[in-house]
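need a 3D model of the sequence below.
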Amino acid sequence: MHALPAGIRTRQLRVAAGGMVAIAAAWPILPHPGVTCPLRAATGIPCPFCGMTRAVVAAVHGHLGASLAFNPGGLIVLLVALVAVARPAWLRRALAPPWTVLAGLGALWVWNIGFNPTFHQLLLR
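All right, here's what the predicted structure looks like:
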């Protein structure tokens, strides 16, 4: 299978990232059903991504404190999306080693399970 030309991949990345930011900006006025995390619905334990939608929406609307409370990864996701729109080549040069991604997901999971004020705060009881 042949790889897509770099220009097409860059354009698709920009469209996807721009679309995510646009949807986050319009989220409060869009009709949407309540989205439930399957892990949290089944076990009551939030996943590393729980609160991510609310975090990105809050960050896009300038509520940085609320964004951090929902999920600290939301600011990172928004930053990566903005870089993808403005300078997608930077993302190709800044690929993180896989272990850092796993460590970041682990940190988000510990945050959501133990310290997130919008969930259980199991470690702060």
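
for the record, mean pLDDT for stretch 62-72?
Regarding stretch 62-72, the rounded mean pLDDT is 92.

could you list the low-pLDDT ranges of this structure?
1-8, 120-125 (pLDDT under 70).

can you name the element that comes right after the longest helix anywhere in it?
For the chain, the longest helix by residue count, based on DSSP state H, is helix 6-26. As assigned by DSSP states H and E, the chain's next helix or strand after helix 6-26 is helix 38-43.

may I see the buried residues of the longest helix of the chain?
Thr10, Leu13, Ala17, Met20, Val21, Ala24 (16 or more other Cβ atoms under 10 Å). Every C-beta, even on glycine, is put in place using the N, C-alpha and C of the backbone.

what's the answer for stretch 79-90, then?
Using 16+ other Cβ under 10 Å as the test for burial, stretch 79-90 gives Ala81, Ala84, Val85, Pro88.
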